[in-house]
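Enquirer: coords below, sequence missing:
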């Protein structure tokens, strides 16, 4: 399986430019830029995929077929914001509690010690437990909190304005 585990800021030799951004290197076929307000790294990947990782996020890109286009991300902690072109399907984010599959959308996923939260800003995302058969379908404005306890998936809910804004502010939105 391709890819390697990184923590935010694991890139060396990055110079900060004007406007709080820094151009960095390429990783797993994606161009990496660092931002300071709020602190995050943004990966621009082939095929219309953008992954924003908040400061402290621990994740690993997966490019199983080694074609320079990640098929998935394993997220162990903190949050990612995913923006995917509508024509790109099947991209997944895997956490210890949930697997979220994109259908062409903008969405965020936050993996904590006891649960994973998924919120959809635009488009549609399917969420399931790892190895589970039940799937919840989230549309714009929907969120779900999948805990570690297993069993049936919790109900999909409309997230409050405050909760949406709090999560998206971590990515400068």
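Expert: Great, that's in hand. Note that the structure is predicted; figures quoted are calculated from it, not measured.
Enquirer: low-scoring stretches of the protein, by residue?
Expert: By pLDDT under 70, the low-scoring segments of the chain are 1-24, 87-89.
Enquirer: If we use 80, what do you get?
Expert: Residues of the chain that meet the criterion pLDDT under 80 lie in 1-28, 86-90, 103-104.
Enquirer: Which neighbouring residues are in contact with the spatially most central residue of the chain, exactly?
Expert: For the chain, the residue lying nearest the average C-alpha position, counting by C-alpha atoms, centre = their mean, turns out to be residue 80 (3.3 Å). Contacts here follow C-beta atoms under 8 Å, 6 or more residues apart in numbering; on that basis residue 80 touches 51, 52, 53, 54, 57, 59, 73, 93, 108, 109. Glycine gets a C-beta too; all of them are placed from N, C-alpha and C.
Enquirer: Now which of these would you call buried?
Expert: The neighbour-count test (16 or more other C-beta atoms under 10 Å) marks 51, 52, 53, 54, 57, 59, 73, 93, 108, 109 as buried among the contacts of residue 80.
Enquirer: returning to that earlier point: quick check, nearest of the contacts of residue 80 to residue 44?
Expert: residue 51 (8.5 Å; C-beta to C-beta).
Enquirer: burial of the closest residue in space to the closest one that isn't next to it in sequence, as a residue count?
Expert: Spatial nearest neighbour of residue 51, chain neighbours left out: residue 43 (4.4 Å); criterion: C-beta to C-beta, 6 or more residues apart in numbering. By the measure other C-beta atoms under 10 Å, the count of residues near residue 43 is 23.
Enquirer: now swap in residue 99 and tell me
Expert: Neighbourhood size, residue 99 [other C-beta under 10 Å]: 20.
Enquirer: Also the one 5 residues further on?
Expert: When neighbours are counted by other C-beta under 10 Å, residue 104 registers 17.
Enquirer: ok, back up a step: any chance of the buried ones among the contacts of residue 80 in CSV, plus distance to residue 169 and secondary structure?
Expert: What follows is the buried ones among the contacts of residue 80, written out as CSV (distance: C-beta to C-beta, whole Å; DSSP: H, G, I helix; E, B strand; the rest coil):
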residue, distance to residue 169, secondary structure
51, 18, strand
52, 12, strand
53, 15, strand
54, 10, strand
57, 15, coil
59, 20, strand
73, 21, strand
93, 20, strand
108, 11, strand
109, 16, strand
